[in-house]
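A.B. asks: please work out how this folds:
(one chain, ligands or ions: 1)
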Amino acid sequence: MNLMTGSQVENAVHQQTGGVENTPLKMRGRKVNVFYGPKQALFGVDLDVRQNQVTALIGPSGCGKSTFLRCLNRMNDTVDSARVEGDITLDGENIYDPKIDVVELRARVGMVFQKPNPFPKSIYENVAYGPRIHGLARRKADFDGIVEKSLQRAGLWSEVKDRLHEPGTGLSGGQQQRLCIARAIAVSPEVILMDEPCSALDPIATARIEELIDELRQNYTIVIVTHSMQQAARVSQRTAMFHLGNLVEEGPTEKMFTNPDEKRTRDYITGRYG
Ligand SMILES: Nc1ncnc2c1ncn2[C@@H]1O[C@H](COP(=O)(O)OP(=O)(O)OP(=O)(O)O)[C@@H](O)[C@H]1O
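C.D. replies: Next up is the predicted model:
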């Protein structure tokens, strides 16, 4: 884990381009409990996610960050032993309501994983695949437009525009991760969930993704799990601290990193445990 001194945290927070304006609520979790078989992994988590902000989920390994993230687009449905209780809404609508179409939900709430995982297809097809299965385009020109716009937004277009029909797996790790971000963007999501998106990347590729996250929040709402305190401080406007399946506290990132209410948060961000 990366540790920060107090002044490093303050520098990172102050380098942010955006403020902590109170944008509208996008997603809301209330009394969220998650069980894997008999083992409870989350205990009554209440957390709001605000539109056009980056919310960072931090906390020691195994505290439930990824579990909470996966609740937000029902990825836990794919884990046989997982059971989710409580309320989670997207624009006020309960995403666990039986009438919700989960495939459509996952287009609205997209996900980028820890390890870049492009399909074994061309760069173009990696991006065009989602719009095709969701019926978002029919004519080639429309697909071409979506592919270009998504790659532009993911900051990859200029690097790949002359090799769109080469395999996505031939790109560097950082480029593959931006391709995965383009793939998520291609189906016009409202929220993008990122589970440690830089953990497999070198510092230069990481810096590029962090800049991109800051640009993306103009158009999307982002929730990111990270082990890097510098990253949370640099990219997020709000930070939520988890410990042993509980939400310890959440608030504006600047406050969380400079003057948290809870000792557990202070100890974690200053590297006293984790
Ligand atoms: N598929 C699963 N089956 C059983 N237990 C699980 C499963 N996924 C997670 N857990 C357990 O739930 C708890 C929370 O795990 P989770 O992965 O959400 O934590 P985390 O904070 O994201 O951890 P890390 O930082 O190490 O990724 C842990 O005790 C973990 O072992």
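A.B. asks: make it CA atoms for all contacts and neighbour counts henceforth
C.D. replies: OK.
A.B. asks: just say helix, strand or coil for residue 23.
C.D. replies: Here residue 23 is recorded as coil under DSSP: H, G, I helix; E, B strand; the rest coil.
A.B. asks: and what of the one 3 residues further on?
C.D. replies: Counting by three-state DSSP, the backbone at residue 26 sits in strand.
A.B. asks: shouldn't it be in contact with residue 88?
C.D. replies: No. Taking contacts as Cα atoms under 8 Å, residue 26 lies outside contact range of residue 88: 10.6 Å.
A.B. asks: higher neighbour count, those two?
C.D. replies: residue 88 (26 against 18; other Cα atoms under 10 Å).
A.B. asks: which residues does that one contact?
C.D. replies: Residue 88 makes contacts with 27, 28, 29, 30, 32, 71, 72, 94, 95, 96, as judged by Cα atoms under 8 Å, 6 or more residues apart in numbering.
A.B. asks: which of these are buried, as a PyMOL select command?
C.D. replies: A single PyMOL command selects the buried members of those (16 or more other Cα atoms under 10 Å):
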select buried, resi 27+28+29+32+71+72+94+95+96
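A.B. asks: from the contacts of residue 88, which is closest to the ligand?
C.D. replies: residue 71 (10.0 Å; Cα to the nearest ligand atom).
A.B. asks: tell me what residue 223 is bridged to.
C.D. replies: For residue 223, the beta-bridge partners are residue 55, residue 193 (DSSP bridges).
A.B. asks: I'd like the numbering to begin with 272 instead of 1 from here.
C.D. replies: Let's use 272 as the start, then, which means that last one is residue 494.
A.B. asks: hang on, it packs against residue 467?
C.D. replies: No. Between residue 494 and residue 467 there is no contact under Cα under 8 Å: 10.4 Å.
A.B. asks: so for those two, which residue has more residues nearby?
C.D. replies: residue 494 (24 against 18).
A.B. asks: give the contact list for that one.
C.D. replies: 320, 325, 326, 327, 328, 340, 462, 463, 464, 465.
A.B. asks: recalculate using a threshold of 10 Å.
C.D. replies: 320-321, 324-328, 340, 343, 382, 462-466, 507, 509-510 (Cα atoms under 10 Å, 6 or more residues apart in numbering).
A.B. asks: then residue 524?
C.D. replies: Contacts of residue 524 by Cα under 10 Å, 6+ apart are 284, 290-291, 325-327, 503-511, 530-531.
A.B. asks: anything in contact with each of residue 494 and residue 467?
C.D. replies: What both residue 494 and residue 467 touch, as defined by Cα under 10 Å, 6+ apart, is the set residue 328.
A.B. asks: these two touch, right, residue 380 and residue 462?
C.D. replies: Yes. Using Cα atoms under 10 Å, residue 380 makes contact with residue 462 at a distance of 4.6 Å.
A.B. asks: find the residues that touch each one of the two.
C.D. replies: Joint contacts of residue 380 and residue 462 (Cα under 10 Å, 6+ apart) are 343, 344, 361, 455, 491, 492, 493.
A.B. asks: farthest pair within those residues?
C.D. replies: Farthest-apart pair in the shared contacts of residue 380 and residue 462 is 361 and 455; separation 17.7 Å (Cα to Cα).
A.B. asks: neighbour-wise, which of these two wins?
C.D. replies: When residue 361 is set against residue 455 and neighbours are counted by other Cα under 10 Å, the residue ahead is residue 455, at 27 against 20.
A.B. asks: what secondary structure does the nearest residue to the more buried one once chain neighbours are set aside sit in?
C.D. replies: In space, and not counting its chain neighbours, residue 455 is closest to residue 381: 5.6 Å by Cα to Cα, 6 or more residues apart in numbering. Under three-state DSSP, the three-state class of residue 381 is strand.
A.B. asks: what about residue 381, distance to the ligand?
C.D. replies: From residue 381 over to the ligand the distance is 18 Å, taken as Cα to the nearest ligand atom, to the nearest Å.
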